[in-house]
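Student: Everything below, folded, please.
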Amino acid sequence: MLRRQCVHAAKCCFDGAKQVISDRNVNRVVFRGVVLGCLMLTAAVGMATDEAAPEWALSADSERQPGIPQGTVTRGVWSSEQLADTQRDYAVYVPAGYDGVQPAAVMVFQDGHAYLDDSGPFRAGIVLDNLIHRGEIPEMVAVFVDPGHRGDELPLNRWQSSNRSVEYDSLNDEYAQFLHQELLPGIVAKMKLNLSEAAADRCLVGISSGGICAFTAAWQHPEWFGKVVSHVGSFTNIRGGHVYPAMIRQSIPKEIRVFLQAGSNDLDNKFGNWWLSNQQMQRALSFAGYDYRFEGGEGGHDGQHGGAILPETLRWIWRDHVVKQGSEQGGRVDPVEVFESKNIVFTGGEYTNEEFRYRLLKPPGLEEGKRYPLVVFLHGAGERGEDNQRQLLYFPEQMVQAEWRSQFPCYILAPQCRSDRKWVDVDWSVAADPTMPEQPSEQLRAVMQMLDVTIAEEQIDSTRIYLTGLSMGGFGTFDLAVRQPDRFAAIAPVCGAADVTQLSPLAKLPVWVIHGDSDNVVLPDRSRNAVAAIREAGGQPVYVELPEVGHNSWTPGYGDRDGVVPWMFRQRRAAADR
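Tutor: As a prediction, this is how the structure comes out:
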């Protein structure tokens, strides 16, 4: 049956080529693209036999499940300006319950018709419904886009799109530019979506030539696309793709996470051997130290194996974007019992040789020689005092629970501001953006000393030091980050405020700001203005304004399982900034 299907597809392809040839006005590039596609299908006929095709069973993750809501799919035809004279089918999947409050992750599936088909091997829409609903991958929008075609009408068989090989097999960045500068912004504008522009939140997927296309786009622009999934990718000499293993070995590693699936019964023709080329890719990625995974099997040049493992593929590629729901067995952990009590002797302002106590959480199962992230947490006004305990409410308490602590083993530094003092010496009664004091408060200077001591004495990864705080601590987060922007890998002020004239040092720093739109204690304009100032300075802060939420935006903000906490731990200072 499989062989007959391939023969039929090849015949259809050559029939399409004949139609192209009959059009004397056709571009020669179009003709060559169609014929090349026919040659690839003809080669596939030689590989496709019923005996050589193993059976790959789909799991329940790829089947409709009762009680799981379905996302919406909006379809259209895109006429491109950047890839001139081409048009293509596309579809946009938006998950059930999407509200646009938080920038959504994005997946772009090349040869989208094959991935979206609910009766095909991938059934990506069904998989996304199931995994998103269970919280196993982040809430995301998926774009299913076919290759471009030059002509008045799109071919019935989308594999015959005349510009497919030009767009997918070429090693330049034209297709990446089309996605980043035209298609995705156009979809955002048309559908009023809030999509993340962070590379780590954008994944490209493709099969065969679509697989190398996905890799090429990320390779050319890792600042745009940080994740790649390739199914039986054509890393062969169709248009020079066989050079990638050598390029990977000889280049500085790029921030790309790669999933490769290949089969030992894949194509072997004049363009190359697909199984061997994917193994070469795997060996090169390993040699260069990439974050990658390779899944080999006995399949051929099809989507059967890739479709069967698609749910697990998505879990792996998005593994650090969500906090999985943990078991409540063992009960709730009291942070006072696991945070160690520490102290420093501080001199400054009104204090002379004064003992300042603080709390420090250490990673579970500390390994000798290993370095760990450090989070500095600045509490709100209600947790001030000298008991060295109240500051452990909210974020520290959340992070010691098993499901969070197991996924994010880290140090957490939790200082406590003295009663009737502030992290930043500004007048809270003024309903306007504060003016940043020339010098940091004594309370904040003590925090700086605690941070220095912790870095000197503990196993801290200096590229992964984070700063966050709520309310009064949100003020402090902005203030401390502006004074020491090179110290932190990311900051996350919650319902805070800042001197908007002083925020330019944060333009190159990953920033995630949270505020409730109904906050009448610290008005949301404080965060809105700060975000606008950072953007004006050239930064790209994430701003999440929670609807119908008052001053306590920290509980839903920190508790979002695919929100600020997973985001924060994904950030790392670049080598040049260390």
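
Student: Write down the beta-bridge partners of the nearest residue to G210 once chain neighbours are set aside, one by one.
Tutor: If the residues on either side of it in the chain are set aside, G210 comes closest to Q110, at 3.4 Å by Cβ to Cβ, 6 or more residues apart in numbering. C-beta here means a position set from N, CA and C on the backbone, and glycine is covered the same way. Beta-bridge partners recorded for Q110 (DSSP bridges): V145.

Student: okay, now the domains of this protein?
Tutor: Following automatic domain parsing, one finds the domains of the chain at 71-317, 335-577.

Student: Please give the number of neighbouring residues around the residue nearest to G210.
Tutor: Counted with other Cβ atoms under 10 Å, residues neighbouring Q110 total 29.

Student: Use 51 as the first number for this chain going forward.
Tutor: Renumbered: residue one is now 51, and that last one reads Q160.

Student: quick one: it and V195, what's the gap?
Tutor: The gap separating Q160 from V195 is 7 Å, by Cβ to Cβ, to the nearest Å.

Student: Let me see the contact set for the residue lying closest to P484 once chain neighbours are set aside.
Tutor: Leaving aside its sequence neighbours, P484 sits nearest to V476 (Cβ to Cβ, 6+ apart; 3.9 Å). By Cβ atoms under 8 Å, 6 or more residues apart in numbering, the contact list for V476 reads P484, T485, M486, P487, F525.

Student: and the first one, which of the three is it?
Tutor: This means P484. When classified by DSSP: H, G, I helix; E, B strand; the rest coil, P484 comes out as coil.

Student: Could you check how far it is from D575?
Tutor: Distance from P484 to D575, by Cβ to Cβ: 12 Å.

Student: The last one now?
Tutor: Between F525 and D575 the computed distance is 14 Å (Cβ to Cβ).

Student: quick revisit: which one of P484 and D575 is surrounded by more residues?
Tutor: P484 (21 against 15).

Student: Test for you: state the pLDDT assigned to that one.
Tutor: For P484, the pLDDT comes out at 97.

Student: what helix or strand does R125 sit in?
Tutor: strand 122-129 (DSSP states H and E).

Student: list the buried ones in that strand?
Tutor: Within strand 122-129, the residues scored as buried using 16 or more other Cβ atoms under 10 Å are W128.

Student: hey, C-alpha coordinates of that strand in CSV?
Tutor: In CSV, the C-alpha atoms belonging to strand 122-129 read as follows (Å, rounded to 0.1, in the frame of the first residue of the first chain):
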residue,chain,number,x,y,z
THR,A,122,-9.6,27.2,17.6
VAL,A,123,-8.0,27.0,14.2
THR,A,124,-8.2,30.0,11.8
ARG,A,125,-7.2,29.4,8.2
GLY,A,126,-6.2,31.7,5.4
VAL,A,127,-4.0,32.3,2.4
TRP,A,128,-0.9,34.4,2.7
SER,A,129,0.4,36.4,-0.2
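
Student: What average pLDDT does it get?
Tutor: 98.

Student: now for it, which elements pack on it?
Tutor: With contacts defined as 3 or more Cβ pairs under 8 Å, 6 or more residues apart in numbering; DSSP states H and E, strand 122-129 has these neighbours: strand 137-144.

Student: Who are the packing partners of the strand it packs on?
Tutor: Here strand 137-144 touches strand 122-129, helix 162-166, helix 174-183, strand 190-195, helix 234-241, going by 3+ Cβ pairs under 8 Å, 6+ apart.

Student: what's the angle between the helix or strand that comes right after the last one and strand 190-195?
Tutor: Toward the C-terminus, helix 234-241 is succeeded by strand 252-257 as the next helix or strand (DSSP H and E). On the basis of axes from the mean of the first three to the mean of the last three Cα atoms, to 10 degrees, strand 252-257 is oriented at 40 degrees to strand 190-195.
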